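[1] whatever this is, show me its structure:
(one chain, ligands or ions: 1)
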Amino acid sequence: MDIASIFTATQVPVGLNSLWTAFGLALAACTTCLAYRAFFSPLACISGPFLNRISNLPLQYHMLRGHYHWYSTQLHARYGDMVRMGIDHVSLSNTADTRRVLATHAFRKGRMYNQIESNGYGVNTFSTVDPEVNKLRRRLIGDAFAMHTMRQVEGLIVESGASALIKLWDSEIASQGGIARINYFYTFHRMGYDVIGELAFGRTFNTLPTGDMELIDWIHDSIKLSILIGQAPIITKFLWVFRRLVDSTKKIQRLVHDTIETRKKLIREAGKPPRVDVLQKFIDAKDMETSNVLLPVQLESEVRLTLLAGSDTTSNTLSFTIMNLMHYPEHYRRVTDEVRSAFPDTSKMISFADAKAKLPYLTAVIYESMRLNPSLANMLQRSVPAEGAIFQNCFLPGDTQICISISACHRNPQLWNNPDVFDPERFLGPDSAERIKDILTFSSGVRACIAKNMVMLELYTALANTLRRYNFSLPADSMYGPHRLDRNEIPVEIPSSSFIVTGPTSPKAHCWVNISRA
Ligand code: HEM
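    Next up, the predicted model:
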């Protein structure tokens, strides 16, 4: 029996026939669409894995798993300075291209920021995609992070940061008989929150001395909710499923609201602000150009942002710095020798200005650690302007989403020799100022981090004072360290994940050190 006679012999009902036709048409449409994305779209000239050409699923998968930083770095190592990341997503790893995108407001923040806003945080300096809103907000809150303000609040930062840390570690050393086993990740974490509490909430949250993690758990829940909504906006319709995350977000909103009310009450009662800090600067903010002030809802959203943007970022930078120093003992020895000989009088805390002026090796260590392990290594996304733009000889049409991977830029072998090696020497030579310009940890251009001064103050004072006072060493049972090398003879880094902020994946297992008094 030939094929034709089989078909005529088969009794196919009419309804089933039209179902097959519909299925066939849908399949043809799908195939055409996928073929267009893969071979004929204007982005077809950009190399990348085949799946990325036809779907956003690989990108979403790696974002949700917290792997974007190493996924993008690996793809760039394989495909070069420009990689197709998704249907209309393209990643760049050449610092010159990246700087061009970030320099001006022509490339607005990308679609994912709209989604972050829909989490109930409202518009803030970080999330807004509107350049005018951003410019106004930066004019309003910029003074709170200016260097002259930082000089005024240095005492608060050191008290809730380096000094509180020393108090805790001294007592742990005493109670553990001269050598204390400490988890540096959780310690820095709690310290980071206490510093933000002191500056933007009018009081330390006291998480460092008490070990209370409740507030930190709320914040992490709230960040999780943002990520989920960012990747799947439909979730806003099913928020009841994520009850705990929503409750934590509401608790933060209440904390912020109550903090501002308490401060305003204090001002009313005393007739003047109780002190200068970031919170007070936000309350007093007034734009010289337009006389705008922060309205109550805007004020709340900016105060809330300090908690989300400012704690894990700084504390993870501290953790990565200690991790790197432990993995490279020769650099650890050199940085401690430097700080101990520059500041032998241990009765006085080392100030930010003194540390910056007298500790070039510590400066190099900080920049090198921020290069290798930027704490915001997740994607920075920007939209190509309507008229399109050319990168790497390829035309990107308007609204293409440019994904910037700070990790991929920082490990680009065209720019950095042995990019996977922790080598502070890179920042010591005559061209060190130029090298620092290639560091994108705080992003660059018009939407760069507004709080770099504050972060640097916290990093320098915490590191200089603790490295001078304590000897750090890895416990004998450490899974990672100078003893565990990869096939290129480089110490294996502890695994890290990027959920907006990048940090160690399993700090409970991997972030232990022994400390004793130097
Ligand atoms: C090590 C610590 C920090 C790092 C590595 C860091 C990094 C960054 C990066 C990469 C951006 C650009 C994000 C983007 O384009 O999507 C950014 C923006 C921002 N950061 Fe930070 N940040 C840190 C600490 C802080 C702190 C302590 C605060 C405030 C208390 C803060 C407030 C902001 C704000 C408000 C923006 C938005 C600026 C704008 O869009 O105009 N950051 N930060």
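
[2] what ranges do the strands span in this structure?
    All strands of the chain, identified by DSSP state E, fall at 82-86, 89-92, 108-109, 180-183, 380-383, 389-391, 394-396, 401-404, 470-473, 496-499, 501-504, 512-517.

[3] list of residues touching the shortest one?
    Looking back up the chat, that one is strand 108-109. With contact meaning CB atoms under 8 Å, 6 or more residues apart in numbering, strand 108-109 is reached by 127-131, 381-383, 385, 447. Where you see a C-beta, it was placed from the backbone N, CA and C, and this is true even at glycine.

[4] pLDDT of stretch 306-316, averaged?
    Averaging pLDDT along stretch 306-316 gives 90.

[5] kindly check the end-to-end length of it for me.
    16 Å (CA to CA, to the nearest Å).

[6] now stretch 464-479 - C-alpha only, PDB.
    C-alpha atoms of stretch 464-479 as PDB (Å, rounded to 0.1, in the frame of the first residue of the first chain):
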ATOM      1  CA  ALA A 464      43.300  49.500  58.300                       C
ATOM      2  CA  ASN A 465      42.200  49.200  61.900                       C
ATOM      3  CA  THR A 466      41.600  45.500  61.900                       C
ATOM      4  CA  LEU A 467      44.600  44.500  59.900                       C
ATOM      5  CA  ARG A 468      46.800  46.400  62.200                       C
ATOM      6  CA  ARG A 469      45.200  45.000  65.400                       C
ATOM      7  CA  TYR A 470      44.700  41.300  64.500                       C
ATOM      8  CA  ASN A 471      46.600  38.400  62.900                       C
ATOM      9  CA  PHE A 472      44.300  36.600  60.500                       C
ATOM     10  CA  SER A 473      44.800  33.000  59.400                       C
ATOM     11  CA  LEU A 474      42.700  30.300  57.700                       C
ATOM     12  CA  PRO A 475      41.600  27.400  60.000                       C
ATOM     13  CA  ALA A 476      43.200  24.100  59.300                       C
ATOM     14  CA  ASP A 477      39.900  22.600  57.900                       C
ATOM     15  CA  SER A 478      39.400  25.400  55.300                       C
ATOM     16  CA  MET A 479      38.100  24.100  52.000                       C
END
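
[7] show me which pair in the contacts of strand 108-109 is furthest apart.
    Greatest spacing in the contacts of strand 108-109, by CB to CB: S127 and P385 (19.8 Å).

[8] between those two, who's got more neighbours?
    Per other CB atoms under 10 Å, whichever of S127 and P385 has more neighbours is S127, with 22 against 16.

[9] wait, that one sits on R111?
    No. Assessed by CB atoms under 8 Å, S127 is found out of contact with R111, at 11.9 Å.

[10] can you pull out the helices in the stretch 251-400 of the chain?
    If you assign secondary structure with DSSP state H, counting those that start in this stretch, the helices in the stretch 251-400 of the chain sit at 278-284, 296-310, 312-327, 329-342, 352-358, 360-372.

[11] check contacts around the residue in the stretch 1-150 of the chain that the ligand sits nearest to.
    Using CB to the nearest ligand atom, F126 is the residue of the stretch 1-150 of the chain that sits closest to the ligand, at 3.8 Å. The neighbours of F126, taking CB under 8 Å, 6+ apart as the test, are 113, 305, 309.

[12] do that again at 6 Å, thanks
    Going by CB atoms under 6 Å, 6 or more residues apart in numbering, F126 touches 305, 309.

[13] got the phi and psi for the spatially most central residue of the chain?
    For the chain, the residue sitting closest to the mean C-alpha position, by CA atoms, centre = their mean, is L376 at 2.0 Å. Torsion angles at L376 (phi, psi; degrees, to the nearest 10) stand at phi -120, psi 70.

[14] about what we covered before: which among the contacts of strand 108-109 end up buried?
    By neighbour count, with 16 or more other CB atoms under 10 Å, the contacts of strand 108-109 hold 127-129, 381-383, 385, 447 as buried.

[15] format those as JSON lines; extra columns: pLDDT.
    As requested, those are exported to JSON lines (pLDDT from 0 to 100):
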{"residue": "S127", "pLDDT": "90"}
{"residue": "T128", "pLDDT": "94"}
{"residue": "V129", "pLDDT": "94"}
{"residue": "Q381", "pLDDT": "95"}
{"residue": "R382", "pLDDT": "97"}
{"residue": "S383", "pLDDT": "97"}
{"residue": "P385", "pLDDT": "98"}
{"residue": "R447", "pLDDT": "97"}
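
[16] kind regards, and thank you for your time.
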